[in-house]
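Undergrad: Predicted model and sequence follow; I will ask about them next.
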Amino acid sequence: MQEGLDLPYPIEKVWDTALSVLDHAGWEITHQNKSSDGMEIHVTMDMITWTETFYLNLIKTGDNSTRVVLGRIGLAQPADWGIAKQHTEQFLLKLESTLQNVNQSVDERN
């Protein structure tokens, strides 16, 4: 399972915002490498399943554009597929809305 999102923001801004969104969600970043723009994240899916491991990759597609790819590492129980997809979609939506809100606040101050 892998989901992607293209964002009209520089990679540095997306990286910093992704860290903030992950922290706020309580997801544990177990490994991060800013030089390769990648992270490994552990997420407790719910009270009856185990922790899932996700990867987050940021790809610079232009000076002010970044592709975000979030996917799961390894196999999971079929019952977890829907939960993992829900977590992935929620993260990408939250990342996009946070970036939009920050950008809008900056525009309003100018």
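TA: Happy to help now that I have it.

Undergrad: Residue 56 and residue 70: what is the separation?
TA: As judged by C-beta to C-beta, to the nearest Å, residue 56 and residue 70 stand 5 Å apart. (Glycine included, C-beta is placed from N, CA and C.)

Undergrad: next one: residue 86
TA: Plainly put, residue 86 is 12 Å away from residue 70 if you go by C-beta to C-beta.

Undergrad: quick one, which of the two is more surrounded?
TA: residue 70 (22 against 11; other C-beta atoms under 10 Å).

Undergrad: ok, the more buried one - contacts?
TA: Taking C-beta atoms under 8 Å, 6 or more residues apart in numbering as the contact definition, residue 70 lies against 2-4, 54-57, 88, 91-92.

Undergrad: Closest one of those residues to residue 36?
TA: residue 57 (8.2 Å; C-beta to C-beta).

Undergrad: What residues are bridge-paired with the closest one?
TA: Following DSSP bridges, residue 57 is listed with bridge partners residue 38, residue 69.
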